[in-house]
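Novice: A predicted structure for the sequence below; I have some questions about it.
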Amino acid sequence: MDDCDTRLLLLVDDEPAQSRLITALAAREGFRTLVAGESDEAIDMLDSDEGTHVSAILIDQWVPGESACDLIRELKQRRPAAPVLMLTSSTSPLLAVEAMRAGATDYLIKPVAPERLLQALRSATTREAPKNELQPLAEKIHKTLDFDAMVGTAPPFRTALAKAATAARGHGHALVEGETGTGKEMLMRAMFGSSPRVKMQMRSINIAGVPATSIETLLFGHEKGAFPGAFDKQIGSLQICDGGTLLLDEIDRLDRELQDRLAEVLETGVVRPTGALHGFKVDVRVMASSDQPLAQMVEDGEFSKSLHEILSATLIEVPPLRERSGDIPALTRHFLTRIGEQPGLRHHSIADSALTLLEAYDWPGNVRQLQAVLFRAAVYSEESEALTADSFPQLYELLGDRQDRAESRARGLGVLLYTDDGNLRPLEEIEADVIRLAIGHYRGRMTEVARRLGIGRSTLYRKLSDLGIDNAA
């Protein structure tokens, strides 16, 4: 982060209303904003004396002049160290790929939530954070809304899935807790997709992404004239989802007063819009998620006890990725398959050197961060068939080559399947490693080794001879 208190943001945008909004939001993060209405003006500003102090650049895709990607290349050539973020209304993965290859650091889809914009600016300009490769991306690959899309075999993760699958078949409220990026929203959507209400109305609201002044109306609705500016009647999501399901992401960010009001609705089954003289009977199922343990927030007086009791009748805790690191290889290959299906990208395999690197990282951003890192690596490795350790330069710089980990896997914690160029090793070599692993694991008890490998003792000894393996391996 720049040493001075005020940082400079170059905004390239010809929409006055949007420019005013972004300028006001950026000011909350300590930015002063220079606004350029078209590409030539942006280049001139960057080349000016004031432009030498620009800390970040935000470009609207529809800026007049040259294309946004061409402008990104031009600006990156003039200021390589300045992070560039692109703002667009397109959800096309192809555009994300093109923007990143042009040099964009992040890709924000309109309408962007204020907190998402601030987080992107914060991440792009904070030196203490991991480098570009580890920043979250706004690009989103289409989500499959079923439990089959939830990859992992770690016991705590499978326990969470089993509990969620059982809860999905009922009608009760549910609470999903876990760190940011663990897949809580995806799990709630999978629960909805397996629920008896799947054909009924469903709405999803990210509490943190909605201005505090709007969330009350969004949930409960309001009558015309209920407050200054209420020119029309608005029906709230609780009433719209009557008979259906309401997903509330980051419910720990809901205003304390509204927590109690929501608890009353769920207890009585009656919602009363703001300014209304009477309420409406509703039957709505709420699935909520929280990044923070709500029990502790209740104890600290920061969350409604009654709302917590209602939601936590079914509590599902999703473990962080660092507690299920054994799932990283399967998750990696799953994400690479999905990434390879996106326009403009190819299918990549992954070398063991790269998997070793991925397994060594703690992943504070969890599964979402892993997907973002793989997406970025795939974008920049368009010419190669496989991702190797060299495909993750920031991770490599952060962790080193970690030869000790690779050697421990070779000694018996795993069998290397891929060469460093991402191709499969010959079957004979893999078979030899499996036999060596089994001999070491069962301490040379050859009868047990043969039994566990599903072959006879004579076959095992023949393989030892053919593969040149010492019995004492």
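Specialist: Cool, the structure landed.

Novice: contact partners for L467?
Specialist: By C-beta atoms under 8 Å, 6 or more residues apart in numbering, the contact set of L467 is E428, E431, A432, I435. Just so you know, the C-beta spots here come from the backbone N, C-alpha and C atoms, and that holds for glycine as well.

Novice: ok, now with 6 Å
Specialist: Counting by C-beta atoms under 6 Å, 6 or more residues apart in numbering, L467 touches A432.

Novice: look up how far L46 lies from D40.
Specialist: Going from D40 to L46 by C-beta to C-beta, to the nearest Å gives 11 Å.

Novice: quick check: can you list the domain ranges of the protein?
Specialist: 7-129, 155-317, 321-413, 427-467 (automatic domain parsing).

Novice: possible to save those as JSON lines with distance to F147?
Specialist: As requested, the domains of the chain are exported to JSON lines (distance: least, C-beta to C-beta, whole Å):
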{"stretch": "domain 7-129", "distance to F147": "24"}
{"stretch": "domain 155-317", "distance to F147": "5"}
{"stretch": "domain 321-413", "distance to F147": "14"}
{"stretch": "domain 427-467", "distance to F147": "31"}
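
Novice: re earlier: what about D40 and L46, which has more around it?
Specialist: L46 (21 against 13; other C-beta atoms under 10 Å).

Novice: host element of that one?
Specialist: Assigned by DSSP states H and E, L46 belongs to helix 39-47.

Novice: and what of Y461?
Specialist: helix 457-467.

Novice: run the chain-centre distance for that helix.
Specialist: 48 Å (C-alpha atoms, centre = their mean, to the nearest Å).

Novice: likewise for stretch 198-215?
Specialist: Computed by C-alpha atoms, centre = their mean, the separation of stretch 198-215 from the middle of its chain amounts to 19 Å.

Novice: right, and the helix or strand after the lowest-mean-pLDDT helix or strand in the chain?
Specialist: Ranked by mean pLDDT, DSSP states H and E, the weakest helix or strand in the chain is helix 403-408, scoring a mean of 44. Following helix 403-408 in sequence order, the next helix or strand is helix 427-441 (DSSP H and E).

Novice: quick one: name whatever helix or strand follows that following helix.
Specialist: Next helix or strand after helix 427-441 toward the C-terminus (DSSP H and E): helix 446-453.

Novice: elements contacting the helix or strand containing T213?
Specialist: Using DSSP H and E, T213 sits within helix 212-220. If you count contacts as 3 or more C-beta pairs under 6 Å, 6 or more residues apart in numbering; DSSP states H and E, helix 212-220 packs onto helix 237-240.

Novice: give me the contact list for the helix or strand following the helix it packs on.
Specialist: Later in the chain than helix 237-240, the nearest helix or strand by DSSP H and E is strand 245-249. Contacts with strand 245-249, where a contact means C-beta under 6 Å, 6+ apart, come from 185, 188, 192, 197, 202-206, 237, 284-289.

Novice: tell me which two in those are the farthest apart.
Specialist: Farthest pair in these (C-beta to C-beta) is R197 and N206. Separation: 20.6 Å.

Novice: flag the shaky bits of this structure, pLDDT-wise.
Specialist: Across the chain, the ranges flagged by pLDDT under 70 are 1-6, 63-66, 91-93, 126-146, 148, 400-423, 440-441, 443, 470-473.

Novice: point to the residue nearest the middle of it.
Specialist: R368 (2.5 Å; C-alpha atoms, centre = their mean).

Novice: Three-state assignment for the residue nearest to it when sequence neighbours are not counted, please.
Specialist: Among residues not flanking R368 along the chain, G181 sits closest, at 3.5 Å (C-beta to C-beta, 6 or more residues apart in numbering). At G181, secondary structure determined by DSSP: H, G, I helix; E, B strand; the rest coil is coil.

Novice: angle of the helix holding Y461 against helix 427-441?
Specialist: Angle, helix 457-467 to helix 427-441, by axes from the mean of the first three to the mean of the last three C-alpha atoms, to 10 degrees: 120 degrees.

Novice: buried set for helix 457-467?
Specialist: Going by neighbour count (16 or more other C-beta atoms under 10 Å), the buried part of helix 457-467 is L460, K463, L464.

Novice: for F303, which three-state class applies?
Specialist: Following three-state DSSP, the label given to F303 is coil.

Novice: that one - how many residues pack around it?
Specialist: F303 has 21 neighbouring residues, counting by other C-beta under 10 Å.

Novice: cool, and the one 5 residues further on?
Specialist: The criterion is other C-beta under 10 Å. On that basis, H308 has 20 neighbouring residues.

Novice: and it, what is it in contact with?
Specialist: By C-beta under 6 Å, 6+ apart, the residues touching H308 are L294, V298.

Novice: for it, pull up the helix or strand it's in.
Specialist: Using DSSP H and E, H308 maps to helix 305-311.

Novice: buried set for the helix or strand containing L21?
Specialist: Using DSSP H and E, L21 falls within helix 16-28. Residues Q18, S19, I22, T23, L25, A26 are the ones in helix 16-28 that count as buried (16+ other C-beta under 10 Å).
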